[in-house]
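In: Here's a sequence, model it:
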Amino acid sequence: MRFLIVLAAACGSSTPSAQTPPVATTHDAAIDATAPPDAGLPADVTSAPPWIFRYNAPGRLETWTLRYHGGVAAMDVESATGTLHYVGTATETTSLALVLAAGSARLSLDCKHEQRAIAAACGDKRQPKQDVLACYHPDFKEPMPFGPAPGVEYLSSAACTGYHRL
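Out: Residues are numbered from 1 along each chain as shown. Take a look at the predicted model:
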């Protein structure tokens, strides 16, 4: 019975303890230095026209959506495991340099506006040139060609391999 009285007295206090320490929030200074968090992305970035690239090969399907404006960039990478949201800087001179972060994951791309042959559908022999944002990753020889929505897909399957519009 004494236990119940002590427990009731301890839980019955309606005023918070002055000894409660404040909750510490941790953040990645590198992300803060390059772009505001999701909720703070400027409307010009969130409403910027999307540039989309999809990689579709056996065992791997990823859709990369890039938006940038005024020196700030956001990129979502959707895959079977979920969506990774990167934010960072977009420095535009003769090319577009993207330095992005999603927590501890870092991504740097050097992008150039190029005209590339993109078929209307996979397997089409007619491949007119289309304006793309060809983004080069330091580890890969071939770029990821981002196209204005609906975007560009690289498909590798038994029936077809190549770039086409989504």
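In: where along the chain do the helices fall?
Out: According to DSSP state H, the chain carries its helices in the segments 2-11, 29-34, 43-46.
In: buried ones in the last one?
Out: Buried residues in helix 43-46, counting neighbours by 16 or more other CB atoms under 10 Å, are found at Val45. (Glycine included, C-beta is placed from N, CA and C.)
In: Can you give the strand pairings for the longest strand seen in the chain, parallel or anti for each?
Out: Of all the segments of type strand in the chain, defined by DSSP state E, the longest one is strand 105-117. When pairs are called by DSSP bridges, strand 105-117 turns out to pair with strand 96-102 (antiparallel), strand 129-136 (antiparallel).
In: Averaging pLDDT per element, find the lowest-scoring helix or strand in the protein.
Out: In the chain, the helix or strand scored least confidently by mean pLDDT, DSSP states H and E is helix 29-34, which has a mean of 32.
In: Show the contacting residues for Ser79.
Out: If a contact means CB atoms under 8 Å, 6 or more residues apart in numbering, then Ser79 has Arg60, Leu61, Glu62, Thr63 as its contacts.
In: ignore the last one, Arg54
Out: Remark: with contacts taken as CB under 8 Å, 6+ apart, Arg54 is in contact with Leu61, Glu62, Thr63, Trp64, Gly151, Val152, Glu153, Tyr154, Leu166.
In: now do Ser95
Out: Taking CB under 8 Å, 6+ apart, we find Ser95 in contact with Asp110, Cys111, Lys112.
In: what does Leu155 give?
Out: By CB under 8 Å, 6+ apart, the contact list for Leu155 reads Asn56, Ala57, Cys122, Thr161, Gly162, Tyr163, His164.
In: which residues does it bridge with?
Out: In this structure, Leu155 has beta-bridge partners Asn56, Gly162, where bridges are defined by DSSP bridges.
In: Then Pro148?
Out: Here Pro148 sits in beta bridges with Trp51, as judged by DSSP bridges.
In: pLDDT weak spots in the chain?
Out: 1-39 (pLDDT under 70).
In: if we go to 50?
Out: In the prediction, the chain carries residues with pLDDT under 50 at positions 1-37.
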